[in-house]
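*Asks:* all I have is the shape, not the residue letters:
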């Protein structure tokens, strides 16, 4: 999967999610507790393989967003 970001501000998470969805990718969010407080992860995937995830990450980076490929 590709993680777009982990946001403390729900509005920032929603903004990132909408940007990615307007580019044609399905997103999901996950709320987690960190040592710095609650964060909302915005992610895309899962993908069948690393190449597919890398392609999605490149597309996300063109939207001026961060994109980290994760293997879970």
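*Replies:* Now that the structure is in, tell me what you want to look at. Bear in mind that the values here come from a model prediction, so they are computed numbers and not experimental data. Numbering: from 1, shown residues only.
*Asks:* what lies in contact with stretch 45-59?
*Replies:* 1, 2, 23, 25, 44, 67, 68, 69, 71, 72 (C-beta atoms under 8 Å, 6 or more residues apart in numbering). Where C-beta positions appear, they are placed from N, C-alpha and C, glycine not excepted.
*Asks:* equivalent analysis for stretch 8-15, please.
*Replies:* By C-beta under 8 Å, 6+ apart, stretch 8-15 touches 5, 7, 29, 36, 37, 38, 39, 40, 42.
*Asks:* now the helix or strand harbouring residue 3: average pLDDT?
*Replies:* Using DSSP states H and E, the element containing residue 3 is strand 2-7. The pLDDT scores in strand 2-7 average 97.
*Asks:* that one pairs with which strands, parallel or anti?
*Replies:* Applying DSSP bridges, strand 2-7 is found paired with strand 37-44 (antiparallel), strand 68-69 (antiparallel).
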